[in-house]
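Engineer: Prediction below, plus the sequence it came from.
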Amino acid sequence: MSTLERPARVGTDLAALRRATLRPRDGAANVGRVLLAHATLLAWFWLGYWYLPAAVYIPCSLFVCVVHQRAMSEWIHEGAHRNIVANARANDAVGNALAGVWFMLPVDVYRASHFAHHRAAGFFTTDDPETTFLGVRSRRSFKRALLEDLTGITMVRQYRRFRVNQTTTRGASALRLCFAVVLLGVAALAFLIGRVDAVVLYYGTLVTLYPMLNRLRTYGQHVVLEPSAPPVLAGSTVSRTIDAGWWDRLVWTSPRLLYHFEHHRHPFLPWRALSSICERADDANVYTRSRLGVLRGMYAGLPEREPVT
């Protein structure tokens, strides 16, 4: 059964469900979660630097950074859907100030791209700006794509994509300039106190490890897997919920982005609402508890080299 065929739960008042799961206290809790992520990152850079040897501090910092970046990307995503707080203007302000600034990505700019992703008839095609450059057709091109992630090429492509959206989004250029000033100020402060390592580790991770994490996360969410058939990327209509335990929630998708099948059916619902309507399904293209199984199945089904057309 494809994503587009599964019926919605009967008897659910979706508008009421949104109101019930995006109350003022829910918005305050969302803001608190973002601030807690920032506090954890700063505490790590302070305590880890002083109390751990470099051989432990550096690799562990890469992990802490990519988890923080995963969290910020999810909050930018929630902001794009106006699901951080109920008020639309306050939602964008909070999303920009607390999450978008880390990526130099205004919520409005991401919204333009992300809504095109939701409107696309199929993923990993030119109709979908979010997944078109993630398409692979062989194991060789998959490995090459991972290398491009780790060398920063993918991040450059992402930046160019958002630059196009920026030219059509009101006030985006000025806001991005503000982000740049803030980040330059943080870098200058880090230099003055002798902690340039934090900036290098965070943004070095952002342009290398994070794109790879995002790629594999997207494959898990959207690639079609069928028994005894090659995986389908181009034209896929699958949006998959992967609930693979606490480690998966920490590294790959927290509850903010975990319920992906439900999210694509009801994109205006905040994450708390999606968790309440999630139902387990026997169809692995709808629901699974194994991200590794999805990625393994995808890789195993790819031909070694590009198919001849």
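Structural biologist: Looks like it came in fine. Here the structure is a predicted model, which means the values were calculated and not measured. Numbers count the residues shown, from 1 in each chain.
Engineer: what sits up against the lowest-mean-pLDDT helix or strand in the chain?
Structural biologist: When each helix and strand of the chain is scored by mean pLDDT, DSSP states H and E, helix 153-166 comes last, with a mean of 77. Outside helix 153-166, the residues that touch it by C-beta atoms under 8 Å, 6 or more residues apart in numbering are 105-106, 109-110, 112-113, 129, 133, 145, 148-149, 172-173, 176, 206-208, 210-212, 215. For the C-beta atoms, the positions are set from N, CA and C on the backbone; glycine is no exception.
Engineer: Could you rerun that using 7 Å?
Structural biologist: L105, V109, A112, S113, P129, F133, E148, A172, S173, R176, V207, P211 (C-beta atoms under 7 Å, 6 or more residues apart in numbering).
Engineer: same deal with stretch 175-188?
Structural biologist: In contact with stretch 175-188 (C-beta under 7 Å, 6+ apart) are residues N96, V101, M104, P106, Q166, V199.
Engineer: got a markdown table for these, with distance to L22 too?
Structural biologist: Formatted as a markdown table, the contacts of stretch 175-188 follow (distance: C-beta to C-beta, whole Å):
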| residue | distance to L22 |
| --- | --- |
| N96 | 19 |
| V101 | 23 |
| M104 | 27 |
| P106 | 22 |
| Q166 | 28 |
| V199 | 35 |
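Engineer: returning to what we had before: the contacts of helix 153-166 in helices, which ones?
Structural biologist: Those of the contacts of helix 153-166 mapping onto helices are V109, A112, S113, E148, A172, S173, R176, P211, per DSSP state H.
Engineer: Most widely separated two among these?
Structural biologist: E148 and S173 (27.4 Å; C-beta to C-beta).
Engineer: ranges for the strands of the stretch 101-250 of the chain?
Structural biologist: Under the criterion DSSP state E, counting those that start in this stretch, strands of the stretch 101-250 of the chain are mapped to 241-242.
Engineer: which stretches of it aren't confidently modelled?
Structural biologist: 163-170 (pLDDT under 70).
Engineer: mind redoing it with 90?
Structural biologist: Scanning the stretch 101-250 of the chain for pLDDT under 90 picks out 133, 157-174, 176-177, 227-229.
Engineer: who wins for neighbours among the contacts of stretch 175-188?
Structural biologist: P106 (28 neighbours; other C-beta atoms under 10 Å).
Engineer: need the helices for the stretch 151-300 of the chain, in chain order.
Structural biologist: Here the stretch 151-300 of the chain has its helices, by DSSP state H, counting those that start in this stretch, at 153-166, 172-192, 196-206, 209-222, 246-251, 255-258, 260-265, 271-277, 291-301.
Engineer: Mind telling me what element the nearest residue to A71 once chain neighbours are set aside is part of?
Structural biologist: In space, and not counting its chain neighbours, A71 is closest to A37: 4.7 Å by C-beta to C-beta, 6 or more residues apart in numbering. Under the criterion of DSSP states H and E, A37 resides in helix 24-51.
Engineer: so what does that helix touch, helix or strand wise?
Structural biologist: Secondary-structure packing of helix 24-51 (3 or more C-beta pairs under 7 Å, 6 or more residues apart in numbering; DSSP states H and E): helix 54-80.
Engineer: Give me the neighbour count for the residue nearest to A71.
Structural biologist: A37 has 21 nearby residues by other C-beta under 10 Å.
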